[in-house]
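> build me a model from this:
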Amino acid sequence: MYNNRPQQRQFHSRPPFKRGFSSRPRGNRFGSKRIDVSRYISKAEAPVAQAPFVPAHAFADFAVDPKIKKNISDKGFTAPTPIQDKAIPEILAGKDIVGIANTGTGKTAAFLIPLLHKVLQNKTEQILIMVPTRELAVQINDEFLAFSKMLGLFSAVCVGGSPIYKQLRTLKYHNSFVIGTPGRIKDLVERKALNLAKFKTVVLDEADRMLDMGFVNDMRFLLAKMSPERHTLFFSATLSPDIEKLIKDFLKDPVRVSVKTGDTSKNVDQDVVRITNGANKIDILHDLLKQEAFDKVLVFGRTKHGVQKLSDALVKKGFTSTAIHGNKNQSQRQRALNDFKENRSQILVATDVAARGLDIPDVSHVINYDIPATHEDYVHRIGRTGRGGKKGKALTFLD
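Numbers count the residues shown, from 1 in each chain. Okay, here's the model as predicted:
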């Protein structure tokens, strides 16, 4: 545990009992149950030696166009990941897929590679990809651009926070792939800029997150506009009764492909920072961020206003900090994310919009400046560190 007295800031294996701070779950002012304090404290597990994954296929084995294979090689891909190894042959066979996989397992390539081949076989084919956030849409489009070099294919990114007139103009041309968030896609459909009857393939990526964000009615509206004979690819990090219902409603006889590994939180040292009476949270954060080990830090806050205020305060204290939240337009959010990814900013302060789906390398620390609403949100937040077999650290501020 971190104590907010500088000379005593150190780790302990268990939090001491304090009056008025029970570890029992109890209500908070946001109406959700307080997460058991002990769940914020855990040492990263020692890595367990595992036999290296041996794929059943090589990329050369897949029945895809040679130009796609060249782009795969140019991108530096040498062997399929488990989700790619299992899903690509099934998608090429035209089967509906339920893919259960963690973020960072290569699932974007698992659906892009066979779908690019599908479009090359029939240039009139159009693919709809729905995702929960603007950043994930841009990330998928970047992957599309890499895999589709010299193929003569085009894409449109349709997300909120960007000028709709530019998207309306782009949609006047033929786009083999339309990638976007459900709300903006619905808007474009209602403006008759997008005719989903022409789309016979749909990818629902991070479907559990779209459900959490309240997009289910938009998803149902959009799928109803498509052909009932559509090819549906459904990817989720978790399964729940609500997700199972969506699978039943949206897919026909799907093949289930699960390569989900243990929670990324197992690679993360987790502890708490207690804020005692009279202590200033931002001063404690300042003292932490000055330490040498805190070289690439993702700080989570609860509200859009609070996140921006905190980032601005850190800049005034001399840190390179930027922010991502819903009040920023897409170009601002993408610039902030790129600055953090490319180490031009030491700190990214964000709402939960950055908790899932984004692949940000080498995050040294995740700090929950405001506690998350649920334990699942907590796991997704701290999963931004400890990636790629590396250890990470997560700290949660407790008032």
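> for the helix or strand hosting Leu222, which outside residues touch it?
Using DSSP states H and E, Leu222 maps to helix 216-224. Outside helix 216-224, the residues that touch it by Cβ atoms under 8 Å, 6 or more residues apart in numbering are 128, 130, 182-183, 185-186, 189, 196, 202, 204, 210, 230, 232, 246, 249-250. The way it works is simple: take the backbone N, C-alpha and C, and place the C-beta from them, glycine included.
> ok, stretch 297-305 next?
Here stretch 297-305 has contacts from 285, 289, 307, 310, 325-327, 340, 346-352, 354-355, 360, 363-372, 381, 384-385, using Cβ under 8 Å, 6+ apart.
> now with 7 Å?
289, 307, 310, 325-327, 346-352, 354-355, 363-370, 381, 384 (Cβ atoms under 7 Å, 6 or more residues apart in numbering).
> CA atoms of stretch 53-61 as PDB?
Extracted C-alpha coordinates of stretch 53-61, given in PDB (Å, rounded to 0.1, in the frame of the first residue of the first chain):
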ATOM      1  CA  PHE A  53       2.100 -22.200 -29.500                       C
ATOM      2  CA  VAL A  54       2.500 -24.200 -32.700                       C
ATOM      3  CA  PRO A  55      -0.100 -23.100 -35.300                       C
ATOM      4  CA  ALA A  56      -1.800 -25.700 -37.400                       C
ATOM      5  CA  HIS A  57      -1.300 -23.400 -40.400                       C
ATOM      6  CA  ALA A  58       1.300 -21.000 -41.900                       C
ATOM      7  CA  PHE A  59       0.100 -17.800 -43.600                       C
ATOM      8  CA  ALA A  60       1.200 -19.400 -46.800                       C
ATOM      9  CA  ASP A  61      -1.400 -22.200 -46.200                       C
END
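> that stretch: which residues count as buried?
Within stretch 53-61, the residues that count as buried by 16 or more other Cβ atoms under 10 Å are Phe59.
> where exactly do the helices run in the protein?
66-74, 82-92, 107-121, 134-147, 164-170, 182-190, 207-212, 216-224, 241-250, 281-289, 304-316, 330-341, 375-382 (DSSP state H).
> rewinding a little: so which of the contacts of stretch 297-305 belong to strands?
347-350, 365-368 (DSSP state E).
> let's have these in a markdown table, adding pLDDT.
Shown next, in a markdown table, are the ones in strands among the contacts of stretch 297-305 (pLDDT from 0 to 100):
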| residue | pLDDT |
| --- | --- |
| Ile347 | 97 |
| Leu348 | 97 |
| Val349 | 96 |
| Ala350 | 94 |
| His365 | 96 |
| Val366 | 96 |
| Ile367 | 97 |
| Asn368 | 96 |
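> and those residues as CSV, adding distance to Pro114 and neighbour count?
Below are these laid out as CSV (distance: Cβ to Cβ, whole Å; neighbours: other Cβ atoms under 10 Å):
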residue, distance to Pro114, neighbour count
Ile347, 39, 24
Leu348, 33, 25
Val349, 38, 29
Ala350, 33, 27
His365, 37, 24
Val366, 34, 24
Ile367, 39, 25
Asn368, 38, 24
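> nearest to Arg333, of those?
Ala350 (9.4 Å; Cβ to Cβ).
> excluding chain neighbours, what is closest to the closest one?
If the residues on either side of it in the chain are set aside, Ala350 comes closest to Ile324, at 4.4 Å by Cβ to Cβ, 6 or more residues apart in numbering.
> shouldn't that neighbour be in contact with Ala355?
No: the pair Ile324 / Ala355 is not scored as a contact, 10.6 Å apart, by Cβ atoms under 7 Å.
> out of the two, which sits in the busier spot?
A count of neighbours by other Cβ atoms under 10 Å puts Ile324 above the other of Ile324 and Ala355, at 27 against 23.
> mind listing what the more buried one touches?
333, 336-337, 348, 350, 353-354.
> domain assignment for the protein?
According to automatic domain parsing, the chain comprises the domains 6-46+263-398, 65-258.
> closest to Pro52 out of the ones you listed?
Proximity to Pro52 (Cβ to Cβ) singles out domain 65-258 among the domains of the chain, at 9.9 Å.
> coming back round to it: so can I have TSV of the helices of the chain showing mean pLDDT?
Shown next, in TSV, are these (pLDDT from 0 to 100):
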stretch	mean pLDDT
helix 66-74	96
helix 82-92	96
helix 107-121	97
helix 134-147	94
helix 164-170	96
helix 182-190	97
helix 207-212	89
helix 216-224	96
helix 241-250	94
helix 281-289	94
helix 304-316	96
helix 330-341	90
helix 375-382	85
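> and those: which comes nearest Val257?
Here helix 82-92 is closest among these (Cβ to Cβ), at 4.6 Å.
> report the separation between the closest residue in space to Phe77 that isn't next to it in sequence and Ala237.
Spatially, and ignoring its direct neighbours in sequence, Phe77 is nearest to Phe59 (6.4 Å; Cβ to Cβ, 6+ apart). As judged by Cβ to Cβ, to the nearest Å, Phe59 and Ala237 stand 25 Å apart.
> for Phe144, same thing?
21 Å.
> picking that back up, my guess is the residue nearest to Phe77 meets Pro80, correct?
Yes: between Phe59 and Pro80 there is a contact at 6.3 Å, judged by Cβ under 7 Å.
> and Val98, what does it touch?
Contacts of Val98 (Cβ under 7 Å, 6+ apart): 234, 247, 251, 254, 256.
> one more: Leu112?
143-144, 147.
> with Met150 instead?
Contacts of Met150 by Cβ under 7 Å, 6+ apart are Lys67.
> could you report the pLDDT at it?
pLDDT, Met150: 95.
> same deal with Ser32?
43.
> equivalent analysis for Val159, please.
Note on Val159: pLDDT of 95.
> who's the closest spatial neighbour of it, skipping the chain neighbours?
Arg134 (4.1 Å).
> swap in Thr170?
In space, Thr170 is closest to Ala156, 4.6 Å off (Cβ to Cβ, 6+ apart).
> so how far is Gly180 from Ala293?
On the measure of Cβ to Cβ, Ala293 and Gly180 end up 39 Å apart.
> quick one, which of the two is more surrounded?
Gly180 (27 against 9).
> quickly list what the more buried one is bridged to.
Beta-bridge partners for Gly180, by DSSP bridges, are Met130, Cys158.
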